[in-house]
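**Q** Provide a 3D model corresponding to the input given below.
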Amino acid sequence: MNASGSLRNFFSAFYAAAARLDKSLSPSDTIARLQAHTFVKSDAIYIFHIILAIFWLTIMGVPSFPSKLLIPILYTTALLIPFTSQFFLPATPVFAWLLAFYTNRFIPSDLRPAVHVVLLPTLESVLYGANVSDILTRFTHPILDIIAWLPYGVIHYTYPLILSLSLWLFRPPLALKTWAKTFGYMNLTGVLIQILIPCAAPWYEVIYGLTPATYNTPGSPGGLARIDALFGGDGYQTAFSNSPLVFGAFPSLHAGWATLGALFITHFWGGTGRYVWTYVGVLYWSTMYLTHHYLIDVVGGACMATAFFYLFMPDELRGPGGHGGRSKYEQYDLEARRPGGLMGADEFASDTAESADFSDEGEEESIMYRSPNPNAGQFQGQNQAQPEAPSKKFLGGPGSVNGKTHRHTASIASLIRADERTEGWSPIGNKGFVFPPVSR
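**A** Next up is the predicted model:
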């Protein structure tokens, strides 16, 4: 496809996506929707967000009170306006992660857990037989620095936005909401782990050895300092020195971002795997080459991203390309279960007493009227009158969906012809049911 065709497709998708947006600016519309909303158990997650936000805003030192009250005021205003709420509400997990990442610096040091300096290198040596991250840093070169810098320091911060835009333009609306929720909760979980289990990165071992660490230790750009020196700047030195979370080595959210993005891209755009996972592999290497993570950090971040991807992906998007997969009820032509998983007595009766559409060499009759032994016309020597089979109109009762009747399973005995049964006792035979069995 040429460039002009790609641009036409982009603008067509943009116009279509913009047309789907709710352009209302009236808060009364949002209030009316909230009043009509049926609350479910999963909505309790917003109580967790409110409690967590109150905690972070309480300890936040910069901006100080009352300036910091503008944060919840502006966020609530964005939720009340329908046009902005369609963006801010799905992004709530992302904002919760950013708030936790920034505000954790204000937790008093005496309330923080001790920093683990030896834990990660010890686990890496035990699990992988060597300090792999240390081996990867023994040889450096400006070309390798550039190769490591591009995915770690440039693409890493831009591709989530590009992926979000692509999902909004070219995939169902649910895809972008799923990405925002999965991305936000994965990062929030990672930051909470880093706060509760603080671990020093390899750059700390390079600079300070394995001496105990304190929370007064400034952050370091590690190998990215060579990029500052290469371009004659100090951007990474300044950024990492002022990092609000210095001892957040495990799990590696760089690895988590890359893995989660690759899973979403390959799921919604098949055939991109070789390119996307090549980038992921290079980023895994760059995190260790630039002395920001141990190998166990990378593995932890990748595993966490994989778990969140499969945990948060809804059934409607699990099919190829995110177009939705068939449920087990659709696959086997069954009626969906009622809430609670039980069937009422009246439904059970209608579902079993009414016939299904069984065909046997052009004949259609109800399974409840079909004799398990077509040759047996007597029961205990008495003639049995055959009831009249229901009409075709009877087949479309409550037990059917959209005019299609359900397929019921007959007993094993009714599916085996009498002349094909093996010799021996059987409750079904040419002479009907006889007890006790008589030897033949």
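
**Q** any weak-confidence spans in the stretch 301-440 of the chain?
**A** Applying pLDDT under 70 to the stretch 301-440 of the chain flags the ranges 324-440.

**Q** distance of the most centrally placed residue in the chain from Tyr204?
**A** In the chain, the residue lying closest to the centroid (Cα atoms, centre = their mean) is Phe312, at 2.3 Å. Computed as Cβ to Cβ, to the nearest Å, the Phe312 to Tyr204 distance reads 33 Å. C-beta here means a position set from N, CA and C on the backbone, and glycine is covered the same way.

**Q** how far does the helix or strand Val299 falls within sit from its chain's centre?
**A** Element membership of Val299, judged by DSSP states H and E, is helix 295-312. Between the centre of helix 295-312 and the centre of its chain there are 12 Å (Cα atoms, centre = their mean, to the nearest Å).

**Q** buried stuff in that helix?
**A** For helix 295-312, a neighbour-count test (16 or more other Cβ atoms under 10 Å) marks 295-302, 304-305, 308-309, 312 as buried.

**Q** return the list of helices and strands in contact with the biggest helix by length in the chain.
**A** Across the chain, the longest stretch assigned as helix under DSSP state H is helix 173-196. Where contact means 3 or more Cβ pairs under 8 Å, 6 or more residues apart in numbering; DSSP states H and E, helix 173-196 is packed against helix 92-103, helix 156-170, helix 253-268, helix 295-312.

**Q** so for it, mean pLDDT?
**A** For helix 173-196, mean pLDDT is 97.

**Q** how close does Val132 sit to Tyr284?
**A** From Val132 to Tyr284 the distance is 11 Å (Cβ to Cβ).

**Q** with Phe39 instead?
**A** Distance from Phe39 to Tyr284, by Cβ to Cβ: 42 Å.

**Q** please apply the same query to Tyr128.
**A** The gap separating Tyr128 from Tyr284 is 13 Å, by Cβ to Cβ.

**Q** higher neighbour count, these two?
**A** When neighbours are counted by other Cβ atoms under 10 Å, Tyr128 and Tyr284 differ, and Tyr284 comes out ahead with 22 against 14.

**Q** isn't that one right up against Gly256?
**A** No. If you go by Cβ atoms under 8 Å, Tyr284 and Gly256 don't touch, sitting 11.2 Å apart.

**Q** anything in contact with each of these two?
**A** Listed as contacting both Tyr284 and Gly256 by Cβ atoms under 8 Å, 6 or more residues apart in numbering are Ala302.

**Q** and stretch 149-157, end to end?
**A** 12 Å (Cα to Cα, to the nearest Å).

**Q** what sits against Val80?
**A** Quick fix: residue 80 is Leu, not Val. Leu80 neighbours (Cβ under 8 Å, 6+ apart): 27, 30-31.

**Q** could I get the residues you listed as CSV with secondary structure?
**A** As requested, the contacts of Leu80 are exported to CSV (DSSP: H, G, I helix; E, B strand; the rest coil):
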residue, secondary structure
Pro27, helix
Thr30, helix
Ile31, helix
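
**Q** hmm, which of those are the buried ones?
**A** Of the contacts of Leu80, these count as buried by 16+ other Cβ under 10 Å: Thr30.

**Q** what about the helix or strand containing Ser286, average pLDDT?
**A** Using DSSP H and E, Ser286 sits in helix 273-289. For helix 273-289, mean pLDDT rounds to 96.

**Q** tell me the buried residues in that helix?
**A** In helix 273-289, counting by 16+ other Cβ under 10 Å, buried: 276-277, 279-280, 282-289.

**Q** repeat for stretch 150-170
**A** Applying 16+ other Cβ under 10 Å to stretch 150-170 flags 150-153, 155-156, 159-160, 163-164, 166-170 as buried.

**Q** name the residues that touch that stretch?
**A** For stretch 150-170, using Cβ under 8 Å, 6+ apart, the contacting residues are 10, 13-14, 17, 175-176, 179-180, 183, 224, 227, 236, 254, 257-258, 261, 264-265, 268, 279, 282-283, 286-287, 290, 292.

**Q** kindly report the same for stretch 255-263.
**A** For stretch 255-263, contacts defined as Cβ under 8 Å, 6+ apart pick out 151, 156, 159-160, 163, 182-183, 186-187, 190, 273, 276-277, 279-280, 283-284, 287, 293, 297-302, 304-306, 308-309.

**Q** of all the helices and strands packed on helix 173-196, which one comes closest to Val117?
**A** When the helices and strands packed on helix 173-196 are ranked by proximity to Val117, the top entry is helix 295-312, at 13.9 Å, counting by Cβ to Cβ.

**Q** that closest one packs against which elements?
**A** So helix 295-312, by 3+ Cβ pairs under 8 Å, 6+ apart, packs with helix 119-128, helix 173-196, helix 253-268, helix 273-289.

**Q** just to revisit the earlier point, how about the longest helix of the chain: buried residues?
**A** For helix 173-196, by 16+ other Cβ under 10 Å, it's 175-191, 193-195.

**Q** let me see the backbone angles for Phe39.
**A** Torsion angles at Phe39 (phi, psi; degrees, to the nearest 10) stand at phi -80, psi 140.

**Q** list the contacts of it.
**A** Contacts of Phe39 (Cβ under 8 Å, 6+ apart): none.

**Q** quick one: it from Ile45, how far?
**A** Applying Cβ to Cβ to Phe39 and Ile45 gives a distance of 12 Å.

**Q** same question, Asp315
**A** Separation of Asp315 from Ile45 (Cβ to Cβ): 19 Å.

**Q** more crowded one of those two?
**A** Neighbours were counted for Asp315 and for Ile45 using other Cβ under 10 Å; Ile45 has more, 14 against 10.

**Q** on the three-state scheme, that one is what?
**A** Strictly by three-state DSSP, Ile45 counts as helix.

**Q** returning to what we had before: neighbouring contacts of the helix holding Ser286?
**A** The list of residues contacting helix 273-289 from outside it, by Cβ under 8 Å, 6+ apart, reads 132-133, 136-137, 140, 144, 147-149, 151-152, 155-156, 202, 223, 252, 254-255, 258-259, 261-262, 265-266, 293-295, 297-298, 302.

**Q** so among these, which ones count as buried?
**A** Buried residues within the contacts of helix 273-289, counting neighbours by 16+ other Cβ under 10 Å: 132-133, 136-137, 144, 148-149, 151-152, 155-156, 202, 223, 252, 254-255, 258-259, 261-262, 265-266, 293-295, 297-298, 302.

**Q** please name the nearest non-neighbouring residue to Gly248.
**A** Gln194 (3.6 Å; Cβ to Cβ, 6 or more residues apart in numbering).

**Q** got the contact list for the one you found?
**A** Gln194 neighbours (Cβ under 8 Å, 6+ apart): 245, 247-251.

**Q** so how far is Trp56 from it?
**A** The separation that Gln194 has from Trp56, given Cβ to Cβ, amounts to 15 Å.

**Q** of all the contacts of Gln194, which comes closest to Val94?
**A** Nearest member of these to Val94, counting by Cβ to Cβ, is Leu245, at 16.4 Å.
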